[in-house]
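S.K.: starting from these lines, generate the structure:
(one chain, ligands or ions: 1)
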Amino acid sequence: MCIFCKIANKEIPSKVVFEDEHVIAFHDVNPQAPTHVLVIPKRHIAGIAQAAPEDEAVLGRLLLAARQVAEKTGIAEGGFRTVVNSGANAGQTVFHLHVHVIGGRPMAWPPG
Ligand code: AMP
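M.R.: Numbering: from 1, shown residues only. A predicted model of the protein is given here:
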């Protein structure tokens, strides 16, 4: 079982921000900003590159959960970034789909 499946199953501890039947959001262990939360589907999907048509509902759920995370952590008003890294060039290191929700400081564009 992958590390994020273990977090979803509560076999590995995490600081949970938000959870429902389909998704769970928890603080990143190596935060890149004052607020850095990961939102994942509870069901294993390796990444956007592996997502299938039947994943459509949970993909939408992830972004709505990101919005709830932003509101709950107080970064919604100031602005925040949602990032999904896919594959080697993007720097994906954990192959269980996750949306980074990052905020609490100004961010440059484009990313490095
Ligand atoms: P990515 O590079 O987009 O695949 O992002 C993976 C993220 O998962 C990184 O920001 C890591 O800091 C984070 N991460 C890895 N293991 C854990 C963990 N056990 N709990 C919380 N975040 C983690």
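
S.K.: find the helix or strand that residue 91 is a member of.
M.R.: Counting by DSSP states H and E, no helix or strand carries residue 91.

S.K.: can you give me the neighbour number for the residue nearest to it when sequence neighbours are not counted?
M.R.: The spatially closest residue to residue 91, leaving aside those adjacent along the chain, is residue 85, at 5.1 Å (CB to CB, 6 or more residues apart in numbering). Yep, even glycine has a C-beta here, placed from its N, CA and C like the rest. Residue 85 has 18 neighbouring residues, counting by other CB atoms under 10 Å.

S.K.: so which bits of this structure are right by the ligand?
M.R.: 3, 12, 14, 28, 29, 30, 38, 85, 91, 92, 93, 94 (CB under 6 Å from any ligand atom).

S.K.: closest to residue 108 out of the residues you listed?
M.R.: residue 91 (15.9 Å; CB to CB).

S.K.: my read is that the closest one contacts residue 83, right?
M.R.: No - look at residue 91 against residue 83 with CB atoms under 8 Å: they stay out of range, at 9.7 Å.

S.K.: more neighbours, these two?
M.R.: residue 83 (15 against 11).

S.K.: surely residue 55 and residue 45 touch.
M.R.: Yes - counting by CB under 8 Å, residue 55 does reach residue 45; the two are 5.8 Å apart.

S.K.: in contact with the residue nearest to residue 91, which residues?
M.R.: Neighbour list for residue 85: 91, 92, 93, 100 [criterion: CB atoms under 8 Å, 6 or more residues apart in numbering].

S.K.: please consider this matter closed, and thank you.
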